[in-house]
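Q: Any chance you can model this:
(chains A and B)
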Amino acid sequence: MERKDFKRISPYIHEIPKDFRPDMRVPARFYADGELLDMALGDKSLDQLVNTATMPGIVKYALAMPDIHQGYGFPIGGVIATALPDGVISPGGVGYDINCGVRLLATHLHREELAPYLSELATVLQMNCPSGVGQGGKIHLKKQELDQLVEQGGQWALKRGYATEMDLERTEENGRLPGADASKVSDRAKKRGLDQIGTLGSGNHFIEVDVVDEIFYEKAAQRMGLFPGQIVVQIHCGSRGFGHQICTDYVKSFQKSIRQYGITLPDRELVCAPLSSPEGQDYLAAMKAAANYAFVNRQVLTYLIRQSFEQVLAGTGVRDTVYQIYDIAHNMAKIETHEVEGKQMALCVHRKGATRAFGPGSPVLPDAYRDIGQPVLVPGSMGTASWVLVGTEKSMAQSFGSTCHGAGRTMSRSQAKRTIRGSELREELEADGIHIRAGSMAGLAEEAPTAYKDVDRVIEVVHEAGIAKKVARIVPVAVVKG
Amino acid sequence: MANYEIVDHTADWALRVWGRDLADLLLQAAFGMNSLMVGEGTPLELVEPSPELVEPSPELVEPSPELVETFPELVEGYGSSRSLTLDADDQETLLVDWLSELAYFAEMEQLIFPLITLTNVTPTHLDAQIRGGIVPELAKHIKAVTYHNLEIIKTADGLEATIVFDV
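A: Below you'll find the predicted structure:
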């Protein structure tokens, strides 16, 4: 694929026409500036985007966000919507880490107030919030409790005292996707999920203490309670082994479904089933269970973060409460209503490394946010800025209420490991005043900022294209990594 | 000799694997994934905590008090020797299932199996005897084995496949 294969729709939208490949059912669109387009042409991510344009039942266009990078099956940063009832649902279009997402918590503290305790806070956060490969948490569930947890989601956390009403109100779907069915989840997935609630995992997952660096949209920032110099906390993680196994199980069983329903695909990882089929409904119910697991996982981590703040600040005279700004998924399939060719249609919106970004007036938003739009949380690469945005009318009209989810990788993990030493990177970040607590130095190197695109540039594209609006830029002061 | 290599992939990890036949390919893929999990370039013998763990003898069936203390939850995996039987619809699915089993043991029990005997291998079936032990720390968490562009292809020397892992 080359640059000449793209038609420029607007300064920030590039389209691959439907006739580019005979198996495309719709065109593919990529939100990018010229440089990000050239970067994306450097790997297979745009071929993967074109592959998603072949999914049965897809409407309008296959979309990619400016943070696109090569995944498996779908590209990371991809959005597609299929029409109910017979459009397909694809486990690969959600990914293995179902409801991987971001939660933003805020404090009332100015950075100066926390500075003397920051190093200790980083250490305590690492101690209290288990991370690493297969690391178990402090909550050990029995199978029956796990079934309740995944069907009740946030409500389970509320009953157990891990959540407040306000936390749930400020979580996508109030932390509970209705229709989750534990009986559609394999025993192996449940076994993997039993003791991983309240754990970060490994890879690019983290807890980060940040400072609000700059405000861009005063009204929205005020509504969220954000001010310059304020200490906030981000959590990035998902449904752990429970979700990974559900995806593995259904990608396997859907290998048969595509033959049964006569679906031809360019990549076996794209396997799917019609939403109206028993297979499609089973996956949807299992996926929802994993989504609820992930909401509870981030909720229990929130509880542990609150405990950590209390523990560190006890007896110092500094008093605070940690409250929630929002929690949003970026690997999920959702049944939503959007306008297609002037008609309201029920669609299954797959967001794989893309964030829901509902505009002002959406009935699913809490009262406090209804007139500003849904908060969108976009973590940057480690050591660089992250962003708080809000959804817009344009994201509703153009991108199925979706926008970007991060910086997006440009360098492979093995290349990052070859060129960057974890220990040196840690020293550099510490020299910049960022406290690093990492389980593995090699893992740290793979997540080096130079392995990622510039998040500020990605944000500029979605802001200028109008599919999200900048609210605040935040910068890290302490990072806890798996 | 290692018959696998790590291939650059932007977001995840990929392995290219060669085998004389399907059984050899499955074996090399397991060795390659072991190497990813314990750390690239780490010789496999280093993952064996002690020879006793790899070669369980009758008097070592009871785990030592030290092991119980260090890994109380992993006692079950002590000196592990396991049998697996897998059936699949085609050879690519068999490969994914086989590696998924090994990734599962690694995640749940920190178990790595350097000694593998495969028998009765057909494109839709395998029997495996695997032996190994606990590693104190895994370098890489394999979340899942994907089907992305997965195809076992014939070459002049045998078979080849490229496997993408979600990490």
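Q: just the residues of chain B that are near chain A, which are they?
A: B:6, B:8-13, B:39-40, B:73, B:89, B:92-93, B:96-97, B:100, B:104, B:106-108, B:110, B:137-141, B:143-150, B:164, B:166-167 (C-beta under 8 Å from any C-beta of the partner chain). Every C-beta, even on glycine, is put in place using the N, C-alpha and C of the backbone.
Q: Filter those residues down to the buried ones.
A: Neighbour-count burial (16 or more other C-beta atoms under 10 Å in any protein chain shown) applied to the residues of chain B next to chain A gives B:6, B:9-13, B:39, B:92-93, B:96-97, B:100, B:104, B:106-108, B:110, B:138-141, B:143-150, B:164, B:166-167.
Q: So A:R103, which state does it fall into?
A: Counting by DSSP: H, G, I helix; E, B strand; the rest coil, the backbone at A:R103 sits in strand.
Q: For it, grab the count of nearby residues.
A: 27 (other C-beta atoms under 10 Å in any protein chain shown).
Q: With B:Q28 instead?
A: 22.
Q: my guess is it meets B:G19, correct?
A: Yes. Counting by C-beta atoms under 8 Å, B:G19 is a contact partner of B:Q28 at 5.2 Å.
Q: shared neighbours, those two?
A: By C-beta atoms under 8 Å, 6 or more residues apart in numbering or on different chains, B:Q28 and B:G19 have these common neighbours: B:N3.
Q: biggest strand in chain B, by residue count?
A: Counting residues, the longest strand in chain B under DSSP state E turns out to be strand B:111-122.
Q: Against A:C247, how distant is the residue in chain A that chain B sits nearest to?
A: As assessed by C-beta to the nearest C-beta, chain B sits closest to A:Y72 within chain A, at 3.3 Å. According to C-beta to C-beta, to the nearest Å, A:Y72 stands 11 Å off from A:C247.
Q: Then B:D89?
A: In terms of C-beta to C-beta, B:D89 sits 18 Å off from A:C247.
Q: How about the secondary structure of the one residue in chain B that gets nearest to chain A?
A: As assessed by C-beta to the nearest C-beta, chain A sits closest to B:H148 within chain B, at 3.3 Å. Here B:H148 is coil, with the state taken from three-state DSSP.
Q: Could you give the bridge partners of the residue lying closest to it once chain neighbours are set aside?
A: Leaving aside its chain neighbours, B:H148 sits nearest to A:Y72 (3.3 Å; criterion: C-beta to C-beta, 6 or more residues apart in numbering or on different chains). For A:Y72, the beta-bridge partners are A:F74 (DSSP bridges).
Q: ok, residue 14 - contacts?
A: You didn't say which chain, so I picked chain A. A:F6, A:K7, A:R8, A:R29, A:F30, A:A32, A:L37.
Q: The intended chain is chain B.
A: So B:A14 contacts B:I6, B:V7, B:D8, B:T162, B:I163, B:V164, B:F165 (C-beta under 8 Å, 6+ apart).
Q: so where do the strands sit in chain B?
A: For chain B, the strands defined by DSSP E occupy B:4-7, B:13-19, B:81-87, B:111-122, B:125-134, B:144-145, B:153-155, B:158-166.
Q: Which stretch among these is buried most, on average?
A: Stretch with highest mean neighbour count among the strands of chain B: strand B:144-145 (a mean of 26; mean count of other C-beta atoms under 10 Å in any protein chain shown).
Q: Now do it: which elements does it pack against?
A: Packed against strand B:144-145, as judged by 3 or more C-beta pairs under 8 Å, 6 or more residues apart in numbering or on different chains; DSSP states H and E, are the following elements: helix A:240-260, helix B:91-109, strand B:158-166.
Q: Would you convert those into TSV that also reports distance to A:G315?
A: Formatted as TSV, the helices and strands packed on strand B:144-145 follow (distance: least, C-beta to C-beta, whole Å):
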stretch	distance to A:G315
helix A:240-260	35
helix B:91-109	40
strand B:158-166	44
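Q: Nearest to A:R298, out of these?
A: For these, proximity to A:R298 was assessed by C-beta to C-beta; helix A:240-260 is nearest, at 10.9 Å.
Q: chain center to that closest one: distance?
A: Centroid separation for helix A:240-260 versus its chain: 20 Å, with C-alpha atoms, centre = their mean, to the nearest Å.
Q: Now do that helix: which elements does it pack against?
A: By 3+ C-beta pairs under 8 Å, 6+ apart, helix A:240-260 packs against helix A:187-193, strand A:273-274, helix A:278-313, helix B:91-109, strand B:144-145.
Q: Quick one: these as TSV, columns for distance to A:T107 and mean pLDDT too.
A: Listed next are the helices and strands packed on helix A:240-260 as TSV, based on distance: least, C-beta to C-beta, whole Å; pLDDT from 0 to 100:
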stretch	distance to A:T107	mean pLDDT
helix A:187-193	31	95
strand A:273-274	45	98
helix A:278-313	7	98
helix B:91-109	34	95
strand B:144-145	36	96
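Q: hmm, which helix or strand of chain B has the shakiest average pLDDT?
A: When the helices and strands of chain B are scored by mean pLDDT, DSSP states H and E, helix B:51-54 comes last with a mean of 37.
Q: center of the chain - which residue?
A: In the absence of a named chain, this looks at chain A. The centroid of chain A falls nearest to A:H330 when counting by C-alpha atoms, centre = their mean (2.7 Å).
Q: Hmm, no, I was thinking of chain B.
A: When C-alpha atoms, centre = their mean is applied to chain B, the residue found nearest the centroid is B:A30 (3.7 Å).
Q: Thought B:I116 was touching that residue, still the case?
A: Yes. Here B:A30 reaches B:I116: they are 5.8 Å apart, a contact under C-beta under 8 Å.
Q: on that earlier part again, pull the contacting residues for the nearest residue to the residue nearest to the centre of chain A once chain neighbours are set aside.
A: In this structure, A:H330 finds its nearest non-sequential neighbour in A:H405, 4.0 Å apart by C-beta to C-beta, 6+ apart. Neighbour list for A:H405: A:M65, A:D67, A:G77, A:H330, A:R351, A:G353, A:A354, A:T355, A:V378 [criterion: C-beta under 8 Å, 6+ apart].
Q: Could you pull up phi and psi at A:H405?
A: Note on A:H405: backbone dihedrals following degrees, to the nearest 10 are phi -130, psi -10.
Q: So what pairs up with A:V349 in the strands?
A: In this structure, A:V349 bridges to A:A81, A:K334 when assessed by DSSP bridges.
Q: unless I'm mixing things up, it is touching A:G78, no?
A: No. Look at A:V349 against A:G78 with C-beta under 8 Å: they stay out of range, at 11.2 Å.
Q: So which elements touch the helix or strand that contains A:V480?
A: A:V480 belongs to strand A:469-481 when assigned by DSSP states H and E. Judged by 3+ C-beta pairs under 8 Å, 6+ apart, the packing partners of strand A:469-481 are helix A:118-128, strand A:206-215, helix A:218-224, strand A:230-237, strand A:386-390, strand A:435-438, helix A:455-465.
Q: what residues does the third one touch?
A: Here helix A:218-224 makes contact (C-beta under 8 Å, 6+ apart) with A:106, A:215, A:227, A:325-326, A:368-369, A:372-373, A:375, A:388, A:390, A:469, A:471-472.
Q: I figured A:E15 hits A:M24, correct?
A: No. Assessed by C-beta under 8 Å, A:E15 is found out of contact with A:M24, at 11.4 Å.
Q: who's more crowded, those two?
A: A:M24 (20 against 17).
Q: who does the strand holding A:V480 pair up with?
A: Strand A:469-481 has these strand partners (DSSP bridges): strand A:206-215 (antiparallel), strand A:386-390 (antiparallel), strand A:435-438 (parallel).
Q: so what's the residue nearest to A:V462 when sequence neighbours are not counted up against?
A: Excluding the flanking residues, the one nearest A:V462 by C-beta to C-beta, 6+ apart is A:A468, at 4.5 Å. A:A468 makes contact with A:A357, A:V376, A:L389, A:V390, A:G391, A:T392, A:S395, A:T403, A:C404, A:I459, A:V462 under the criterion C-beta under 8 Å, 6+ apart.
Q: Counting neighbours, which of the residues you listed comes out on top?
A: Among those, the one with the most neighbours (other C-beta under 10 Å) is A:T403, at 36 neighbours.
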